[in-house]
Every structure is written in structure tokens, then in C-alpha cells.
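Chemist: With the sequence up front, the predicted model follows.
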Amino acid sequence: MSRASICLAVALSSLSLRGAAQAPARDLTAASQTGTAVIKGRVVLAGTEQPLARADVRASSPTLKTARTVKTDADGRYEIKGLPAGSYVVSVVKPNFVTAAFGQKRPAGPGMPFDLADGQTASNINFALARAGVITGRVLDDAGEPLPDVQVTTSRYQYANGERRIVPGPGRAVSNDLGEFRIFGLPPGDYFVSGTLRDIAIADTNDREGFGTTYYPGTGNVAEAQRISIAPGQVVSGITLPLQVVHMVRLTGVAVDSSGEPIANSTIMAMPRDGTFAGFMRPALTRADGRFALSGVTPGDYILRVGASGVNGEAASVPLSVRDSDITDIQLTAVRPTSILGRLAFDGGKPPAPSSVRVFIVPPSPEFVVAGTPPAFGKPDGSFELKAMPGPALMRTSVASAEGWTLKRVSVDGVDVTDTGFDVPSERPLAGVVVELTNRVAQLSGTVLNADGKAERDCWVLLFAQDLRLWTVQSRFVVAVRPGQDNHFHASALAGDYFAVAVDDVESGEWTEPGFFSRIQNRAVRMSLSEGEKKSLDLKLVSSR
């Protein structure tokens, strides 16, 4: 059998645990459930028969509270014993190799689950791991000399909070005395490479020139950066990254708490507003009189933030657009978190324990940042108290101990604010909040058929509201699922009018972008779901592009 790609054969035989061979590797996870099923196989280097020892093989299943993990032995073999019957997904991880899931059709693709019965053995669950990619090169100063102690990082486009933006990627390195760097362990994909001089001293300085964060091939603007494509096991060398000299500015001002007293000895940070967080953000400490000076800030858009540690959890932030001139007399006035007082309500069968219900605040849209908002749990009488910073917010829930329960409605003084959100006041507690959960959700199931009329499992099934006002980042009316081992998809959703579509592939988080639904809705099926309804629907596979 070829090892060039993941072996797709699953050989199931009725072997009892008593008759199975001694496991070559030790199960690292305590069993929360036991059974008599077995999964075993071998892990080798792609394109060879070379075994890979000490790779972590992980088997997960809805029937397990905790996934089972073992390490491969010197011959690359593993065996996971004592598994209960269920549907399993198996994956393998090893440093400097591309993570793989059994049955995936492409790197980073989803693994395909398979069913395992009591007393059965899934043999030949084999993996051929490709080496991860590498980027090497040199960092130079403005005179063309090697520049040491530069943090070199990768970044890439991903969907985050409903927007496609640059986010930090895997792998980083620090240039040596020759300016050389080597970033390893990179999965296949497209990357941007940037360098930032590691100067993070908390100090004030009058210097106005310095090295700014620079993207390959030599620009401070990520829009002008050049992508570097990495294939499995590929080494891209010869990358020359000349750091740009930029004009830096100084930010000065004063930070006070909500009573007007100085905030002393607290860290102030200027964080990029676009969320890239590339390179180092120079911090500063407030003085005893609350005054601060933040030096070495390069042009860009930032959020300047200070937390009054130990002062009732107060915090302050202000947006700043930094250009060519120093910014003086910045006033940061911290505010106290507000108490949100409410109660839980349940619609349906036997409700879960209130202590298992987690209530938390999320931002209503990407331009808002929620900080200092730890979650709250229900008290025995069903009440809760949540601390949140003043400003616009949405309230969401999760239930730890009971399946099938989901958020139905959030109301403030009888007004439904579930999807519109509400304003957290700054001068008084917010009372009269009712959070209602329900287990009367609708169930939709069906099969996805490809162009050949056969059942397709390597796809996404998306449900999204027909009401475009609900196409928001935190929408409760967007559901994304994959078909299971039985070739059927199963989705739970709140009652409502939906579009349903099966697409060949969707980038992670892409369905949080409203524009995606605008592009795909003409290929979707209109349907409605009522409370507690069970409906069957077969879908034809369509392209997501």
C-alpha cells in the first residue's frame, strides 16, 4: 500500500480486546469511558517507509468526554485500545511535520469519521506525514549590514470577526549575528514575512528615527507585501528583508481613574487597531502622578489602552491615528465595569443546573472591542451578576452539562435585544435582564449529492437566515455542519426561515462574513423550520466560489 498519501482503507475485524496484540505505545489520556474496540495503524514519512516515532495520534468521538491520545513506537506503530462504540476521527501531530487527519483530501482538510462497533478493530489507520515548510533568509539594516536580534514572524489572511484580515501565522525566529533567520514548522499555505527590531525596553526617549516593522520584500505597508507560498516540505531560502527606517512619534498624557485620581504604575500599550499585532508593541508605565510618555511609536492606527490594576477592574482606551507628529495631552479616564443583574429562564424539558449556564458578553460588530468582561455563571436560584465595561454589547450563553440547550432570547425590561444588542450604562447597574434558553430546537438532516449523484461527505452544509439583518458576526441563525460517517448531515437550529446550501469548501470562519451569504444565496434552497420540528432535506453540492 502506498505511503505517499494518507491510507484510506479501514479494515474492521471482530477482534476482542483479549485477542488483540500488546499495544506498542502507552495511552496518555485517562479513559472516561471504556469499551472493547481498537484503532491501530502506522505513521511514516511521506513517500518513504521510514517510521516516525513519538508522533501523537489522537482519536476523538462524541462518545468520549476526552479524546484518547497515544505516541507511536520506534517502528511508527500505535494502538488505541478500550474504546467504546461510536464514530471516530483520528489525527496525528508531530513537531516539524504537517498535521494530518485520517481520510482528508487536502492538507488542513477535515478528517473523515468512521464507525466503530464494540469488539471491532479498525486496522490500517495509517498516515504518511509530510515535513512542514521552512523559510530562511537574512535581515539587513539601511546600510545593507546584517541586523541581529530582529523578530521575524509570519502572518496570513484569515477570517476573523467577519472580516478577512491579516492575522499572526505559525512560526517565528530571531535573526543571529549574521542577520540570518530560519522559520520552520510551517503548514502549506501563503504567508507574509515581517521583521521587527526587538526593542521593548520601557523607557522614554527623544529618538525620532528607528526601524519600523517591515514586510518582505521591504515595505511598511502590508498591502504592498509579497506572498510566499509554501508547499508541504518546501524550503524557501534566500529571502532578504531590509528593515525600513521610519519616523517615530511620542505619545504623552495622563491617566486617571473614575474618581479623577492618578493611575500610578500601570502599563499603557498602543495596540494596532487592525488586529495584526505584528512585531513588538512598546509599553510604558504611568508615573505616580498618572502621567506617561510612550516613545518609538510608528505611524498607524492604534488603540491606546491602560488598565488600572487593582482599582475595581477599571480600564480606559482611546483610538489614535498616529502620523508624523507627536501627540500630547492625551487624556485617559478609566471607567468602572458595570454590574448586569439578571435571571435565567428555561423553555422545554428538564432544565440544566443554573450553575452550568455560562453568560458572557461579546462585541456586536468587529469595530468594537470588549475588554475586562469575565463570564458569569447562574446561581442556584437562577439569578446571575455579570461585570461588563460600558458600551455596546451582545449577550450569549453556553451550557456545560446538558446537550440541546441553546439561547432563545435576551430581554432588557421586556424588550428583545438578542440580536440588536444593548448599551451597558456607565453610571448605574443594568437590571431587568432575562436570559431564556430552550431545548425546543428544530432538527434538519439529509444527504448531499455530488455531480455523479453519489453521497458526498467532504463538504459543508450551511443554514443561514433569509432575513439579511441576521447576517451578523454573532448571529444565532447561522449553522455550519459536515456530513457524518452515515453520509447524512445533522443540524440543530432555532425556528425560522432559512437558506440551505451544500458547498464544496469554505474557508474557516468565512460564513461570518455577510458578503459570503450574498454571493451564495442564489444557489441555496429556501426552507422554514418550526419549533421542535424534525425535517429531512437532500441537497446538491455546489461550488462556494
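Modeler: Good, I have the coordinates.
Chemist: Centre-most residue in this structure?
Modeler: Residue closest to the mean C-alpha point of the chain, counted by C-alpha atoms, centre = their mean, is residue 160 at 8.0 Å.
Chemist: which ones are touching residue 436?
Modeler: If a contact means C-beta atoms under 8 Å, 6 or more residues apart in numbering, then residue 436 has 344, 345, 346, 347, 407, 408, 409, 410, 411 as its contacts. Yep, even glycine has a C-beta here, placed from its N, CA and C like the rest.
Chemist: How much space separates the first one from residue 335?
Modeler: For residue 344, the distance to residue 335 (C-beta to C-beta, to the nearest Å) stands at 27 Å.
Chemist: Counting neighbours, what do you get for the residue lying closest to the residue nearest to the centre of the chain once chain neighbours are set aside?
Modeler: Nearest residue to residue 160, sequence neighbours excluded (C-beta to C-beta, 6 or more residues apart in numbering): residue 167, at 5.7 Å. Neighbour count of residue 167, defined by other C-beta atoms under 10 Å: 16.
Chemist: how far away is the nearest residue to residue 122 once chain neighbours are set aside from residue 266?
Modeler: Leaving aside its sequence neighbours, residue 122 sits nearest to residue 39 (C-beta to C-beta, 6+ apart; 4.7 Å). Distance check for residue 39 against residue 266: by C-beta to C-beta, it reads 52 Å.
Chemist: wait, isn't residue 258 in contact with residue 337?
Modeler: No. In this structure residue 258 lies outside contact range of residue 337 using C-beta atoms under 8 Å: 10.3 Å.
Chemist: Looking at the two, which is more packed in?
Modeler: Taking other C-beta under 10 Å, residue 258 and residue 337 do not tie; residue 337 has more neighbours (20 against 15).
Chemist: Please report how far the more buried one lies from residue 430.
Modeler: In terms of C-beta to C-beta, residue 337 sits 11 Å off from residue 430.
Chemist: again, but for residue 387
Modeler: Residue 387 is 11 Å from residue 430, by C-beta to C-beta.
Chemist: Now do the shared contacts for those two.
Modeler: 338, 339, 340.
Chemist: Reduced to three states, what does the last one come out as?
Modeler: So the one you mean is residue 340. strand (DSSP: H, G, I helix; E, B strand; the rest coil).
Chemist: Tell me the bridge partners for it.
Modeler: Taking DSSP bridges as the rule, residue 340 bridges to residue 386, residue 430.
Chemist: List only buried entries from the shared contacts of residue 387 and residue 430.
Modeler: Listed as buried from the shared contacts of residue 387 and residue 430 are 338, 340; burial here means 16 or more other C-beta atoms under 10 Å.
Chemist: OK, contacts around residue 505?
Modeler: Taking C-beta under 8 Å, 6+ apart, we find residue 505 in contact with 459, 460, 544.
Chemist: Could you check the pLDDT of it?
Modeler: On pLDDT, residue 505 comes in at 76.
Chemist: What does it show for phi and psi?
Modeler: Torsion angles at residue 505 (phi, psi; degrees, to the nearest 10) stand at phi -160, psi 150.
Chemist: again, but for the one 10 residues further on
Modeler: Taking degrees, to the nearest 10, you get phi -60, psi -30 for the backbone angles of residue 515.
Chemist: now do residue 473
Modeler: The phi/psi pair for residue 473 (degrees, to the nearest 10) reads phi -60, psi -40.
Chemist: OK, contacts around residue 214?
Modeler: So residue 214 contacts 194, 195, 196, 220, 241, 242, 243, 244 (C-beta under 8 Å, 6+ apart).
Chemist: Name the member of those with the most neighbours.
Modeler: Most neighbours among the contacts of residue 214, by other C-beta under 10 Å: residue 195, with 31 neighbours.
Chemist: quick check, it in a strand?
Modeler: Yes. The assignment for residue 195 (three-state DSSP) places it in a strand.
Chemist: Tell me how many other residues surround the residue lying closest to residue 466 once chain neighbours are set aside.
Modeler: Nearest residue to residue 466, sequence neighbours excluded (C-beta to C-beta, 6+ apart): residue 497, at 4.4 Å. Here the count is done by other C-beta under 10 Å, and residue 497 has 13 residues near it.
Chemist: okay, the one helix or strand residue 497 maps to in PDB with CA atoms only?
Modeler: Assessed by DSSP states H and E, residue 497 sits inside strand 496-503. Extracted C-alpha coordinates of strand 496-503, given in PDB (Å, rounded to 0.1, in the frame of the first residue of the first chain):
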ATOM      1  CA  GLY A 496     -37.100  30.500  11.400                       C
ATOM      2  CA  ASP A 497     -36.900  31.000   7.600                       C
ATOM      3  CA  TYR A 498     -33.600  29.800   6.200                       C
ATOM      4  CA  PHE A 499     -31.400  29.300   3.100                       C
ATOM      5  CA  ALA A 500     -29.800  25.900   3.000                       C
ATOM      6  CA  VAL A 501     -26.800  25.100   0.800                       C
ATOM      7  CA  ALA A 502     -24.100  22.400   0.500                       C
ATOM      8  CA  VAL A 503     -20.800  23.800  -0.700                       C
END
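Chemist: partners of that strand, with directions?
Modeler: Checking strand 496-503 against DSSP bridges gives partners strand 460-465 (antiparallel), strand 525-529 (antiparallel), strand 539-542 (parallel).
Chemist: tell me which residues of that strand are tucked away?
Modeler: Under 16+ other C-beta under 10 Å, the buried positions of strand 496-503 are 496, 498, 499, 500, 501, 502, 503.
Chemist: which of the residues you listed has the weakest pLDDT?
Modeler: Within the buried residues of strand 496-503, pLDDT reaches its minimum at residue 503, with 92.
Chemist: Now pLDDT too, for the contacts of residue 214, in a markdown table please.
Modeler: What follows is the contacts of residue 214, written out as a markdown table (pLDDT from 0 to 100):
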| residue | pLDDT |
| --- | --- |
| 194 | 94 |
| 195 | 93 |
| 196 | 88 |
| 220 | 85 |
| 241 | 97 |
| 242 | 96 |
| 243 | 94 |
| 244 | 91 |
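Chemist: so what pLDDT did the residue nearest to residue 122 get?
Modeler: The model's pLDDT for residue 39 equals 97.
Chemist: Tell me the helices and strands packed up against the helix or strand hosting it.
Modeler: Residue 39 belongs to strand 37-45 when assigned by DSSP H and E. If you count contacts as 3 or more C-beta pairs under 8 Å, 6 or more residues apart in numbering; DSSP states H and E, strand 37-45 packs onto strand 56-60, strand 77-83, strand 86-93, strand 120-123, strand 127-129.
Chemist: one step back: among the strands paired with strand 496-503, which is nearest residue 491?
Modeler: Residue 491 sits nearest to strand 460-465 of all these, at 5.9 Å, using C-beta to C-beta.
Chemist: what about the residue lying closest to residue 177 once chain neighbours are set aside, how many neighbours?
Modeler: Once flanking residues are discounted, residue 177 sits nearest to residue 148: 5.0 Å by C-beta to C-beta, 6+ apart. When neighbours are counted by other C-beta under 10 Å, residue 148 registers 16.
Chemist: likewise residue 431?
Modeler: When neighbours are defined as other C-beta under 10 Å, residue 431 has 12 of them.
Chemist: which residues touch it?
Modeler: 341, 342.
Chemist: Also residue 344?
Modeler: For residue 344, the contacting residues are 354, 357, 359, 378, 382, 383, 384, 435, 436, 437, by C-beta under 8 Å, 6+ apart.
Chemist: Quick check: which element contains the third one?
Modeler: Taking DSSP H and E as the criterion, the element that holds residue 359 is strand 357-362.
Chemist: How far does that strand sit from its chain's centre?
Modeler: Chain-centre distance of strand 357-362: 18 Å, with C-alpha atoms, centre = their mean, to the nearest Å.
Chemist: What helices and strands are in contact with that strand?
Modeler: So strand 357-362, by 3+ C-beta pairs under 8 Å, 6+ apart, packs with strand 338-347, strand 376-377, strand 383-388, strand 391-399, strand 430-438.
Chemist: strand partners of the second one, parallel vs antiparallel please.
Modeler: Here the strand partners of strand 376-377, with direction, are listed using DSSP bridges: strand 357-362 (antiparallel).
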